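>>> turn this into a model:
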Amino acid sequence: MSIKFTKHAEKDYRKLPLPLQKKADKQFVFLIINYRHPSLRTKKMSAESKFEARIDIHYRFTFFIDGEDIYILTIGMHDEGLGKK
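Predicted coordinates for the structure are as follows:
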């Protein structure tokens, strides 16, 4: 599997402070290995084919899986990371 970022997610990622980028990178490794890794606390979003996962207690990201590719859609604080703001 490989991870791909939408333009929006790439922009969100670049805005994160460096320590959070490192945490996100660690979580993305877990995501590639097993998208249901306990550290990610992955949840399926209601009535959609999207998932949400944790970077840490305050930061989230959303993604969907298409074949062998994982597309990161949003990254940010809880509501922003879930695409609600």
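
>>> please save the CA atoms from the longest helix seen in the chain in CSV.
Longest helix in the chain by number of residues (criterion: DSSP state H): helix 18-33. Provided in CSV are the C-alpha atoms of helix 18-33 (Å, rounded to 0.1, in the frame of the first residue of the first chain):
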residue,chain,number,x,y,z
LEU,A,18,7.4,19.9,13.0
PRO,A,19,6.7,17.7,16.1
LEU,A,20,3.2,17.0,14.9
GLN,A,21,4.5,16.2,11.4
LYS,A,22,6.8,13.6,12.9
LYS,A,23,3.8,12.1,14.9
ALA,A,24,1.8,12.1,11.7
ASP,A,25,4.6,10.3,9.8
LYS,A,26,4.7,7.7,12.5
GLN,A,27,0.9,7.2,12.3
PHE,A,28,1.1,6.9,8.5
VAL,A,29,3.6,4.1,8.8
PHE,A,30,1.1,2.3,11.0
LEU,A,31,-1.6,3.1,8.5
ILE,A,32,0.3,1.4,5.7
ILE,A,33,1.0,-1.7,7.7
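
>>> list the contacts of that helix.
1-3, 13, 16, 37, 39-40, 53-56, 59, 61, 63, 70, 72, 75 (CB atoms under 8 Å, 6 or more residues apart in numbering). (Each C-beta comes from the backbone N, C-alpha and C, glycine too.)

>>> what average pLDDT does stretch 26-43 get?
In this model, stretch 26-43 has a mean pLDDT of 95.

>>> ok so, going back, ok, of the contacts of helix 18-33, which come out buried?
Buried members of the contacts of helix 18-33, counted by 16 or more other CB atoms under 10 Å: Tyr13, Leu16, Leu40, Ala53, Arg54, Ile55, Tyr59, Phe61, Phe63, Ile70, Ile72, Ile75.

>>> where do the strands of this protein begin and end?
Assigned by DSSP state E, the chain shows strands spanning 2-5, 43-44, 51-54, 59-66, 69-77.
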